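Q: Pasting a predicted model and its sequence here:
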Amino acid sequence: MMKFIRSAFVIARRDFSATVLSKTFLFFLLGPLFPLLLGGAFGSIGARVASRTERPVVAVVMHRADAAQIAAARARLADGLGDEAVVSLVYYAPQPDMPSLQRQLLRHGDPPIQAVVSGWLGDPKVAGNVRPGDPTARQLGLILHDAVTPQFSSPPLLVSPAKTSSGALVKERALTGQIGQMLLFFLTILLSGMLLSQLIEEKSNKIIEVIAAAVPIDALFVGKLFAMLAASVVGIVVWLSAGALLIQLAMHGGVQMLPPPAVGWPGFLLLAIAYFGMNYLLLGAVFLTIGAQAATVREVQTMSMPVTFGQVLLFGFAATAIGSPDAPDAIAAAIFPLSSPMVMIARAAERPDWWPHIAALAWQALWVTLILKLGARMFRKTVLKSGPRTRRWFKRAEWVSGA
């Protein structure tokens, strides 16, 4: 046992030093920055485009007094729902040829106009791409009804703010659980994918035979897995430090932070570290075993797509637990070992109980041991087969012909 641990430690130290002390590790640390920048840029562009295209624009062709009442009614509705949620109104003076004006506005309006309201407040007429009951028609009905109804001064609404409420707390904790689950998924899919190509260079250069002659194959498997886990932890520490700096800047800027999880921030962070380790070891052992089957870079690239697709399916399965961690599908996702860490990190944000986490960590540790043993056995059978592949029946026929 001690020989196995020493051998695994030697392999882990070798791979860890070769990974962390290389020049390319800096680019690995900068890797998450590019999708974040691209996501922020495309998100802002998409939001801007959506605000331009999804918000309907309605032309109001009425006299100035009627248009003023409609504008006041629209402003009152926007105060309650938010300006972005209410249709945008543009105003035009009536003309003698109203049908021609309507056709011109609907075809060549700038901005593009969805409907035209004409007539007067006692008998308004709507023409355009609207149907009774759709959101634009309902909002126009509310605005016109408010415009013709006499307005009374409403009594002041006295609001007594509370620090928390059960409904708001459940929703906020679900948001924290969703973000924690997404971060766990993102880090795992980013870091564990490297294990697919761990052995390609060593197998192609025949170095793996030299290493296998010095240490047990099982120790080689475990050492490589824990070396990449340690390198991933170094990357996470760097990213967390940068994230903590950004959070401090955001707090000074007045940005609202995430609501606290049910187990508290210290417990949540502790569980996040434990579940990341379990998730990485579970999926990493599977990926290292799959990667050991490949002999070329092209085969690794071919395997990457189904492996990534499988991770997305696991994430979707685990996401069913958010908002209802005690539902049957959520419990099934928590029992399934490959999705259990993501489910339980979301549960830590929504439920204050600690005993399910102790049971889940023990269950995941059991499966880590089983997958490591199974992966090491398959690893031992395939890792030394780095030469050309031949079929057994061909070898047997060649032996028979030689005989």
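A: Happy to help now that I have it. Numbers count the residues shown, from 1 in each chain.
Q: domains in this protein, as residue ranges please.
A: As assigned by automatic domain parsing, the chain contains the domains 56-148, 167-393.
Q: can you give me the end-to-end distance of the shortest one?
A: By C-alpha to C-alpha, to the nearest Å, the extent of domain 56-148 from end to end equals 23 Å.
Q: for the stretch 101-250 of the chain, which spans come out with low pLDDT?
A: The stretch 101-250 of the chain contains residues with pLDDT under 70 at 150-169, 193, 195-206, 209, 212, 242-250.
Q: if we go to 50?
A: 165 (pLDDT under 50).
Q: now the strands for it?
A: Taking DSSP state E, counting those that start in this stretch as the test, the strands found in the stretch 101-250 of the chain are 115-120, 123-128.
Q: Run through who's touching the first one.
A: When you say that, I think you mean strand 115-120. Strand 115-120 is contacted from outside by 56, 58-63, 66, 70, 94, 98, 102, 105-106, 124-130, 136, 140, 144, using C-beta atoms under 8 Å, 6 or more residues apart in numbering. C-beta here means a position set from N, CA and C on the backbone, and glycine is covered the same way.
Q: what about burial for those residues, which qualify?
A: With burial judged by 16 or more other C-beta atoms under 10 Å, the buried subset of those is 56, 58-62, 66, 70, 102, 105-106, 124, 126-128, 130, 136, 140, 144.
Q: The residues you listed in helices, which ones?
A: 66, 70, 102, 105-106, 136, 140, 144 (DSSP state H).
Q: out of the residues you listed, who's nearest G323?
A: T136 (31.2 Å; C-beta to C-beta).
Q: returning to that earlier point: can you list the strands of the stretch 101-250 of the chain in a markdown table and add distance to I208?
A: Below are these laid out as a markdown table (distance: least, C-beta to C-beta, whole Å):
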| stretch | distance to I208 |
| --- | --- |
| strand 115-120 | 71 |
| strand 123-128 | 71 |
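Q: who wins for proximity to T149 among those?
A: So among the strands of the stretch 101-250 of the chain, strand 123-128 is nearest, using C-beta to C-beta, at 13.8 Å.
Q: Just send the ones in helices among the buried ones among the contacts of strand 115-120 back as a markdown table, with distance to F27 too.
A: Shown next, in a markdown table, are these (distance: C-beta to C-beta, whole Å):
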| residue | distance to F27 |
| --- | --- |
| D66 | 64 |
| I70 | 58 |
| Q102 | 59 |
| L105 | 54 |
| L106 | 54 |
| T136 | 50 |
| L140 | 55 |
| L144 | 60 |
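Q: Those residues: which two are farthest apart?
A: D66 and L106 (20.4 Å).
Q: contacting residues for M342?
A: 181, 184-185, 275, 279, 314-315, 318.
Q: Mind doing that once more with 10 Å?
A: Counting by C-beta atoms under 10 Å, 6 or more residues apart in numbering, M342 makes contact with 177, 180-182, 184-185, 188, 275-276, 279, 314-315, 317-319, 321-322, 333-334.
Q: Which ones among these lie within helices?
A: 177, 180-182, 184-185, 188, 275-276, 279, 314-315, 317-319, 333-334.
Q: Report the buried members of these.
A: Using 16+ other C-beta under 10 Å as the burial test, the ones in helices among the contacts of M342 include 177, 180-181, 184-185, 188, 275-276, 279, 314-315, 317-319, 333-334 as buried.
Q: Relative to D134, how far out is G128?
A: Per C-beta to C-beta, to the nearest Å, G128 is found 11 Å from D134.
Q: Can you check which residues contact both of these two?
A: P56.
Q: rewinding a little: quick one, which of the strands of the stretch 101-250 of the chain gets closest to E172.
A: Among the strands of the stretch 101-250 of the chain, the nearest to E172 by C-beta to C-beta is strand 115-120 (38.5 Å).
Q: The closest one: partners in the sheet, and parallel or antiparallel?
A: Strand 115-120 pairs in its sheet with strand 57-61 (parallel), strand 123-128 (antiparallel), by DSSP bridges.
Q: With I113 as the reference, name the closest of those strands.
A: With C-beta to C-beta, the closest approach to I113 among these belongs to strand 57-61: 4.9 Å.
Q: That closest one: how far from the chain's middle?
A: Relative to the chain's own centre, strand 57-61 is displaced by 40 Å; criterion: C-alpha atoms, centre = their mean, to the nearest Å.
Q: and D79, which of the three is it?
A: Of the three states, D79 takes helix under DSSP: H, G, I helix; E, B strand; the rest coil.
Q: what sits against R74?
A: Contact analysis of R74 by C-beta under 10 Å, 6+ apart lists 58, 60, 83, 86-89, 139-140, 142-144, 146-147.
Q: cutoff 8 Å now
A: When contacts are counted by C-beta under 8 Å, 6+ apart, R74 touches 86-87, 89, 143.
Q: Okay, and which of the residues you listed map to helices?
A: Short answer: those in helices (DSSP H) are I143.
Q: Switch the strands paired with strand 115-120 over to CSV; also include distance to L225.
A: Below are the strands paired with strand 115-120 laid out as CSV (distance: least, C-beta to C-beta, whole Å):
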stretch, distance to L225
strand 57-61, 58
strand 123-128, 63
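Q: who's V90 bridged to?
A: Applying DSSP bridges, one finds that V90 bridges with A59.
Q: S304 - how many residues pack around it?
A: 16 (other C-beta atoms under 10 Å).
Q: do you know how far it is from I290?
A: S304 is 10 Å from I290, by C-beta to C-beta.
Q: CA atoms of stretch 346-357 as PDB?
A: The C-alpha coordinates for stretch 346-357 follow below in PDB (Å, rounded to 0.1, in the frame of the first residue of the first chain):
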ATOM      1  CA  ALA A 346     -27.800  23.500  -5.200                       C
ATOM      2  CA  ARG A 347     -29.400  21.900  -2.200                       C
ATOM      3  CA  ALA A 348     -26.900  23.500   0.100                       C
ATOM      4  CA  ALA A 349     -28.200  26.900  -1.100                       C
ATOM      5  CA  GLU A 350     -31.900  26.000  -0.500                       C
ATOM      6  CA  ARG A 351     -32.000  23.700   2.500                       C
ATOM      7  CA  PRO A 352     -30.200  24.300   5.900                       C
ATOM      8  CA  ASP A 353     -29.900  20.600   6.800                       C
ATOM      9  CA  TRP A 354     -26.400  19.100   6.900                       C
ATOM     10  CA  TRP A 355     -27.100  15.400   7.200                       C
ATOM     11  CA  PRO A 356     -28.000  15.000   3.500                       C
ATOM     12  CA  HIS A 357     -24.600  16.400   2.600                       C
END
